[in-house]
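>>> Okay, sequence plus prediction incoming.
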Amino acid sequence: METTHQDAEKLAAAKAAVKFVKDGDIVGLGTGSTATFAIQELGIMVKNGLKIKAAASSIHTEKLAKSLGIEVLSLGELSFIDISIDGADEFTESLDLIKGGGGALFREKIMASLSKNSIIVTDASKKVKKLGAFKVPVEVVPQAYQYVFNQMLILGGKAVQRIKDNEVFITDNGNFIIDADFGLIDDPAKLASALNQVDGLLAHGIFINLTSKVMMSTGDQIMVFE
Ligand SMILES: O=C(CO)[C@H](O)[C@H](O)COP(=O)(O)O
């Protein structure tokens, strides 16, 4: 399969990030194409003798990690994670993120919250001045769907339910995703705080103060924002 320029950047960022993983670490494994490169690299390192245990941010990631010989612990039973490596849909230099393009935002947020060192790996396309060109994913408990949808409109977001392959998208937790377009977001912390108040909204994709560093590959070099 031909490797695209963007894939080469994702792989380079992943390779740079896995260097921070040490023997004995509990490692949080993200979800998405960039995180997958990191998981594959960790699989090689484990085959070569690295001793780690992992926690997965999605069912897909858990299966992948196990297939590569990485031991996977239950996220819900952990009090901390030493280091996590995940991707992002957008990030700013203040380390605010939008995540959840793959629909794994709830477990990804718990994973980041548990992590002593939370590394985000990206290609160069993910860096923005202001968040918001990428719609904010919102995970909704089905019984609260219409209520939360209406609340998104009240908060100024154009909301659409996520559909994938002509079917309503269902998360690993059995919930729906609403993608909410708030335009470019001047104050991500304020919007995150307003979203946190909405009953029935399990998680939203604005990540504030949850990232230790972003490692972004430009192809030529790895830029680190921390
Ligand atoms: O948040 C995520 C999944 O919920 C991903 O990390 C995000 O969508 C980036 O994915 P990719 O590395 O494939 O561009």
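Cool, got the structure. Numbering: from 1, shown residues only.
>>> Now do the contacts for residue 14.
34-35, 37-38, 40-41, 85, 121 (CB atoms under 8 Å, 6 or more residues apart in numbering). Every C-beta, even on glycine, is put in place using the N, C-alpha and C of the backbone.
>>> from these, which are also near the ligand?
Contacts with the ligand within those, counted by CB under 6 Å from any ligand atom: 34-35.
>>> got the contacts of residue 14 as a markdown table, with pLDDT columns?
As requested, the contacts of residue 14 are arranged in a markdown table below (pLDDT from 0 to 100):
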| residue | pLDDT |
| --- | --- |
| 34 | 98 |
| 35 | 98 |
| 37 | 98 |
| 38 | 98 |
| 40 | 98 |
| 41 | 98 |
| 85 | 98 |
| 121 | 98 |
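>>> Shouldn't residue 119 be within a helix?
No. Looking at residue 119 with DSSP: H, G, I helix; E, B strand; the rest coil, it is strand, so not inside a helix.
>>> who's it bridged to?
Residue 119 has these beta-bridge partners by DSSP bridges: residue 85, residue 213.
>>> I'd assumed residue 222 was in contact with it.
No. Look at residue 119 against residue 222 with CB atoms under 8 Å: they stay out of range, at 11.4 Å.
>>> name the element residue 17 belongs to?
helix 5-18 (DSSP states H and E).
>>> ok, back up a step: what touches both of residue 119 and residue 222?
Counting by CB under 8 Å, 6+ apart, the common neighbours of residue 119 and residue 222 are residue 215.
>>> Who has more neighbours out of those two?
Set side by side, residue 119 and residue 222 show more neighbours around residue 119, with 27 against 16, by other CB atoms under 10 Å.
>>> Look up how far residue 216 lies from that one.
Residue 119 sits 11 Å away from residue 216, going by CB to CB, to the nearest Å.
>>> Write out the residues of the protein neighbouring the ligand.
Applying CB under 6 Å from any ligand atom, one finds that the chain approaches the ligand through 30-35, 86-89, 99-105, 108.
>>> Which among these count as buried?
When the residues of the chain next to the ligand are checked for burial by 16 or more other CB atoms under 10 Å, the buried set is 30-32, 34-35, 86-89, 99-105, 108.
>>> Many thanks, I have nothing further to ask.
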